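Undergrad: Generate coordinates for the sequence data below:
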Amino acid sequence: MEDKRKKVVSIGSKTKKQSEAKNEPPKTELEYCSFCGRPNTMVPKLVKGPGVNICSECTLIAVQYLILQDGALSAEAQRIIDMLWGTKR
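TA: Predicted coordinates for the structure are as follows:
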């Protein structure tokens, strides 16, 4: 069974591609994460923005950094990290 979810999600795209307009399946184009350099074929998801892309794994690292940057982790932030990383303390 084919996974119908998109592997690359575009943010800020104003026009539909011709293949989408004709209801043809979109062609898989190779896109790269601007942070780690991995292609969309090696990551679970990739968000494509205007001039920058980020994979789901780099997004998790960035979220974890933003939550932990102050050094004090709230119970809610810890719950989110545990949920995302599948860890329990």
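Undergrad: just the CA coordinates of the helix ranked longest in the chain, formatted as CSV?
TA: Looking only at the chain and at elements set by DSSP state H, the helix with the highest residue count is helix 56-68. The C-alpha atoms that make up helix 56-68 are tabulated as CSV, following Å, rounded to 0.1, in the frame of the first residue of the first chain:
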residue,chain,number,x,y,z
SER,A,56,11.8,16.6,10.5
GLU,A,57,14.9,15.5,12.4
CYS,A,58,16.6,18.9,12.4
THR,A,59,13.2,20.4,13.4
LEU,A,60,13.1,18.2,16.5
ILE,A,61,16.7,19.2,17.4
ALA,A,62,15.8,22.9,17.0
VAL,A,63,12.7,22.6,19.1
GLN,A,64,14.7,20.7,21.8
TYR,A,65,17.3,23.4,21.8
LEU,A,66,14.8,26.2,22.0
ILE,A,67,13.1,24.5,24.9
LEU,A,68,16.3,23.8,26.8
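Undergrad: What residues sit buried inside that helix?
TA: Residues 56-59, 67 are the ones in helix 56-68 that count as buried (16 or more other CB atoms under 10 Å). Yep, even glycine has a C-beta here, placed from its N, CA and C like the rest.
Undergrad: Averaged pLDDT, that helix. What do you get?
TA: Model confidence over helix 56-68, given as mean pLDDT, is 85.
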